[in-house]
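J.: Pasting a predicted model and its sequence here:
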Amino acid sequence: MITMDTIIREGNPTLREVAKEVSVPLSDEDIKLGEEMMEFLHNSQDPVKAEELGLRGGVGLAAPQLDISKRIIAVHVPSGDLENPEPTLSAVMYNPKILSHSVQDACLGEGEGCLSVDREVPGYVVRHNKITLSYVDAAGVKQKIRLKNYEAIVVQHEIDHLNGVMFYDHINQENPYALKDGVLVIE
Ligand SMILES: Cc1nc(NNC(=O)[C@H](CC2CCCC2)CN(O)CO)c(F)c(N2CCN3CCOC[C@@H]3C2)n1
Ligand code: NI
């Protein structure tokens with residue numbers, strides 16, 4: 001089971017590597033890894049389990065954070081309103097690739113954090129507002145989807161990890177809260 005002890009922290013060189021594509025058809029090992037990554041996200045969002053296991057909350061996870069330099073990410077983004085328990089996006093993505101993106105940029109009003117970063121790094125992390133994404137799903141089927149706003153931000157954070165990029169690499173050093181005109185701030 002993945003716990004916080006499994007997650008490597010900044011300073012570990014694996015977080016700065018470009019991860020390798022996984023072979024398709026998917027190996028049993030890669031399928032099992034994806035399942036464990038998704039299980040971590042579910043546990044981290046369950047107040048009882050998160051408390052029990054000492055997990056920080058997570059809506060995304062990338063294999064390099066487990067010291068595994070493979071292009072595998074898991075995302076589990078809850079809808080936000082408690083009435084509707086259905087997540088807006090829940091998927092393990094193998095070899096995810098951004099095919100195209102909007103001119104429009106966006107950022108989370110709260111900034112970003114990272115399970116591999118044990119410190120607050122304030123500032124806006126400006127990303128694409130909308131992306132068209134291809135990936136292979138856990139069943140080995142090629143998918144092509146369009147994401148926007150919060151879900152698009154989460155996936156971009158995870159794909160960054162596959163390319164050795166950390167969220168704070170995007171923060172403006174002079175003024176962390178500087179924003180160009182037209183950047184959508186997502187609250
Ligand atoms: C936005 C948010 N980031 C949380 N943590 N950080 C992460 O997920 C990192 C990835 C996210 C950082 C910004 C974009 C992607 C992990 N990363 O480093 C992977 O690379 C949260 F935990 C969280 N939520 C809201 C929903 N809530 C549902 C109930 O359970 C608690 C949960 C808390 N929202
Ligand atoms: Ni992260």
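T.: Arrived safely, thanks for sending. Ligands and ions are numbered 1, 2, ... in the order given.

J.: Phi and psi next, for the closest residue to Leu147 other than its chain neighbours.
T.: In this structure, Leu147 finds its nearest non-sequential neighbour in Ile131, 5.5 Å apart by C-beta to C-beta, 6 or more residues apart in numbering. Every residue, glycine included, has its C-beta placed from N, CA and C. The phi and psi values for Ile131, taken as degrees, to the nearest 10, are phi -140, psi 150.

J.: Compute the number of surrounding residues for Ile131.
T.: When neighbours are defined as other C-beta atoms under 10 Å, Ile131 has 22 of them.

J.: if I read this right, it contacts Val154, doesn't it?
T.: No - counting by C-beta atoms under 8 Å, Ile131 stays clear of Val154, with 10.8 Å between them.

J.: quick revisit: identify all residues paired with the residue nearest to Leu147 through a beta bridge.
T.: Taking DSSP bridges as the rule, Ile131 bridges to His101, Leu147.

J.: pretty sure Lys130 is in contact with Val103, am I right?
T.: No - at 9.3 Å, Lys130 does not count as touching Val103 under the criterion of C-beta under 8 Å.

J.: How much space separates the closest residue to Leu66 other than its chain neighbours from ligand 1?
T.: In space, and not counting its chain neighbours, Leu66 is closest to Thr6: 5.6 Å by C-beta to C-beta, 6+ apart. From Thr6 across to ligand 1, the span is 13 Å (C-beta to the nearest ligand atom, to the nearest Å).

J.: contacting residues for the residue of the chain at minimum distance from ligand 1?
T.: Closest to ligand 1 within the chain is Gly57: 2.8 Å, counting by C-beta to the nearest ligand atom. By C-beta atoms under 8 Å, 6 or more residues apart in numbering, the contact set of Gly57 is Ser44, Gln45, Ala50.

J.: Need the three-state assignment for the residue most central in space within the chain.
T.: When C-alpha atoms, centre = their mean is applied to the chain, the residue found nearest the centroid is Glu158 (3.0 Å). The three-state assignment at Glu158 reads helix, by DSSP: H, G, I helix; E, B strand; the rest coil.

J.: Contact partners for it?
T.: Gly60, Leu61, Ala62, Ile73, Ala74, Val75, Met93, Pro96.

J.: same deal with Arg16?
T.: Taking C-beta under 8 Å, 6+ apart, we find Arg16 in contact with Gly164.

J.: And the pLDDT at it?
T.: For Arg16, the pLDDT comes out at 98.

J.: try Met93
T.: So Met93 comes in at 98 (pLDDT).

J.: Not counting residues beside it along the chain, what's closest to it?
T.: Tyr135 is the one closest to Met93 (C-beta to C-beta, 6+ apart), at 3.8 Å.

J.: Mind exporting the C-alpha coordinates of the helix or strand harbouring the one you found to CSV?
T.: Element membership of Tyr135, judged by DSSP states H and E, is strand 130-136. Provided in CSV are the C-alpha atoms of strand 130-136 (Å, rounded to 0.1, in the frame of the first residue of the first chain):
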residue,chain,number,x,y,z
LYS,A,130,-8.1,23.9,-21.5
ILE,A,131,-6.2,20.9,-22.8
THR,A,132,-6.9,18.1,-25.3
LEU,A,133,-5.2,15.0,-23.9
SER,A,134,-4.5,11.5,-25.1
TYR,A,135,-3.6,8.5,-22.9
VAL,A,136,-3.9,4.8,-22.6
